[in-house]
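S.K.: Sequence and predicted structure, then a few things I'm wondering about:
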Amino acid sequence: MATPTVQSSRQLLLAHVARYPLLEPQDVYKLLFQGCCGPEHAVERGGAQARLAEEVASLQEAELEPMLEPLPPGGAFVRVHLRPFVAGGGRHEELATAFVRSAQPVAGGRRALGELWAQVEALAKAGLLPFDGERAREYGVVQASAGYPPCRHSPKFNAAYWPAYRVIAAAEVAALVQRG
């Protein structure tokens, strides 16, 4: 597997910012956490299928979104957005199974997250993010001191975009799409 380049991570990050212009530092952090660590923190093996079924049953209308959204660095993990997945005939049972299989600890994931956060700070300082470099730096310091824990989306992000997705290893998504 090729090592993701700084450029590819930057491109994926800027594409995410273009899609979600109201995001906050914690939303960028969540994106990078998911891309570096996958769903390792989010899976309750016994309840993954039931939780996903409940979420699918309560989906609300939202703007058009892609079914798949690659995550930096390099797209080893992707977000599978539930609305287009279900609308396209995807079966939530298979998605839940792929989600659980994707939930393996990623060696070096948190170290990579810390390294990528430096890019976030540089992009914010350059005015390419909807928050300034100091906010990015402060948020990064807090997360680093806590050992780079998982986080939730910001209230602002939730209100604007109604996120509904699962993070899956890219190899799992390819298998899902081939079956669908």
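M.R.: Alright, I've got the coordinates. Residues are numbered from 1 along each chain as shown.

S.K.: List the buried residues of the helix or strand that contains residue 156.
M.R.: For residue 156, the host element (DSSP states H and E) is helix 155-161. By neighbour count on 16 or more other C-beta atoms under 10 Å, the buried set for helix 155-161 is 157, 160-161. The C-beta positions use only the backbone N, C-alpha and C, and glycine is treated the same way.

S.K.: ok, now stretch 19-37?
M.R.: Buried, per 16+ other C-beta under 10 Å, within stretch 19-37: 20, 23-37.

S.K.: same deal with stretch 43-57?
M.R.: So stretch 43-57, judged by 16+ other C-beta under 10 Å, has buried residues 43, 48-49, 51-52, 56.

S.K.: can you give me how far that stretch is from the chain middle?
M.R.: Centre-to-centre, stretch 43-57 and its host chain are 18 Å apart (C-alpha atoms, centre = their mean, to the nearest Å).

S.K.: got the contact list for the closest residue in space to residue 70 that isn't next to it in sequence?
M.R.: Leaving aside its sequence neighbours, residue 70 sits nearest to residue 78 (C-beta to C-beta, 6 or more residues apart in numbering; 5.2 Å). By C-beta atoms under 8 Å, 6 or more residues apart in numbering, the contact list for residue 78 reads 68-71, 167-168, 170, 173.

S.K.: could I get these as JSON lines with neighbour count and secondary structure?
M.R.: What follows is these, written out as JSON lines (neighbours: other C-beta atoms under 10 Å; DSSP: H, G, I helix; E, B strand; the rest coil):
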{"residue": "68", "neighbour count": "19", "secondary structure": "strand"}
{"residue": "69", "neighbour count": "20", "secondary structure": "strand"}
{"residue": "70", "neighbour count": "20", "secondary structure": "strand"}
{"residue": "71", "neighbour count": "24", "secondary structure": "coil"}
{"residue": "167", "neighbour count": "26", "secondary structure": "strand"}
{"residue": "168", "neighbour count": "25", "secondary structure": "strand"}
{"residue": "170", "neighbour count": "15", "secondary structure": "helix"}
{"residue": "173", "neighbour count": "24", "secondary structure": "helix"}
